[in-house]
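1. Sequence first, predicted model second:
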Amino acid sequence: MPLCPLSQNIRRPAEFSAGRFSLALSGGIVFLRGIAPVNIEIKMLGPGDAHVLGKVAKEVFDYPVNATFTVEFLNDPRHHLVVALDEGRVVGFVSAVHYVHPDKAPELWINEVSVASTHRRRRLAKKLLASMFALGRSYGCSEAWVGTERSNSAAMALYASVGGAEPQPDPVYFTFSLSDRVTE
Ligand SMILES: CC(C)(COP(=O)(O)OP(=O)(O)OC[C@H]1O[C@@H](n2cnc3c(N)ncnc32)[C@H](O)[C@@H]1OP(=O)(O)O)[C@@H](O)C(=O)NCCC(=O)NCCS
C-alpha cells in the first residue's frame, strides 16, 4: 500500500513546467531555467557518474557515501538518483526505485529527498522531484509514492506543493529487522 501517492503529478506532467521553470535535456544533464539560481545544475546520474558523489555538501546524505554501494546503485537500471549541483558540489538529491509487479503497471518509489540547509526554500526539492517524476513517466510508471513523518512539516508541505495526495484510509507501514532469524 503506497504512502502519500503522487500520481496526480505523474498524470499531469505539464504542471511542472507551466510557467515556473523550464527543463532542457542535454546528454543526460538537465539544466533549469527560471526560478533556479543560474549556477544550480540538476543532473541525473548514471553508470560512470560515481565521481559526482565525491563532493557532497554537509547534511545532504545521512551517512558518508560508500563507493561500493554507489557503483552498485548507479549500475542498476531500476535505481535512480537526481542531484542538484552548485559549482560541482552536490547540494540536494532525490533517489528512487522503479519496480514492476505481475498485475500492475510500474510504480516509482521515492526513497529519499534532501537539500542542504544552505540551499533550502529555493524550490530545488520541487525541481528534483519534477525530474524524477519525468524519469518515472519515461519508464511507464503510473504512480509515484513517498513516505514521511507527519511531524516533518517541510516534507509534508513539499509533497502537498507538488500535488501529492494522502491515501485513505490512514496508511501505516512496518519495518522488519532482517539481521535476526525470521519469526515463522
Ligand atoms: C524537505 C526538503 C527536502 C525541502 O527542500 P527545499 O528545496 O527547501 O524545498 P522547496 O524549496 O522545493 O520547497 C517546495 C515547497 O515546499 C514547501 N516547503 C518547503 N520547506 C518548507 C518549510 N520548511 N516550511 C514550510 N513549507 C515548506 C513550500 O510550499 C515550498 O514551496 P514555496 O517555496 O513555493 O513556498 C528539505 O527541507 C530537507 O532536505 N529537509 C531534511 C530532509 C527531509 O526531511 N527530507 C524529506 C524526507 S521524507
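-> Okay, I see it. Residues are numbered from 1 along each chain as shown.
2. Let me see the ranges of the helices in the chain.
-> For the chain, the helices defined by DSSP state H cover 7-11, 67-75, 124-138, 153-161.
3. what would those helices look like in CSV with mean neighbour count, distance to the ligand and mean pLDDT?
-> Where C-beta positions appear, they are placed from N, C-alpha and C, glycine not excepted. As requested, the helices of the chain are exported to CSV (neighbours: other CB atoms under 10 Å; distance: least, CB to the nearest ligand atom, whole Å; pLDDT from 0 to 100):
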stretch, mean neighbour count, distance to the ligand, mean pLDDT
helix 7-11, 18, 13, 32
helix 67-75, 13, 18, 98
helix 124-138, 22, 3, 98
helix 153-161, 15, 3, 98
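4. which stretch among those comes nearest I110?
-> Proximity to I110 (CB to CB) singles out helix 124-138 among those, at 6.7 Å.
5. now the angle from the closest one to helix 153-161?
-> Helix 124-138 runs at 50 degrees relative to helix 153-161, counting by axes from the mean of the first three to the mean of the last three CA atoms, to 10 degrees.
6. If you count contacts, what does helix 124-138 end up packed against?
-> Here helix 124-138 touches helix 7-11, strand 21-26, strand 40-45, strand 79-86, strand 89-101, strand 104-115, strand 143-145, helix 153-161, going by 3 or more CB pairs under 8 Å, 6 or more residues apart in numbering; DSSP states H and E.
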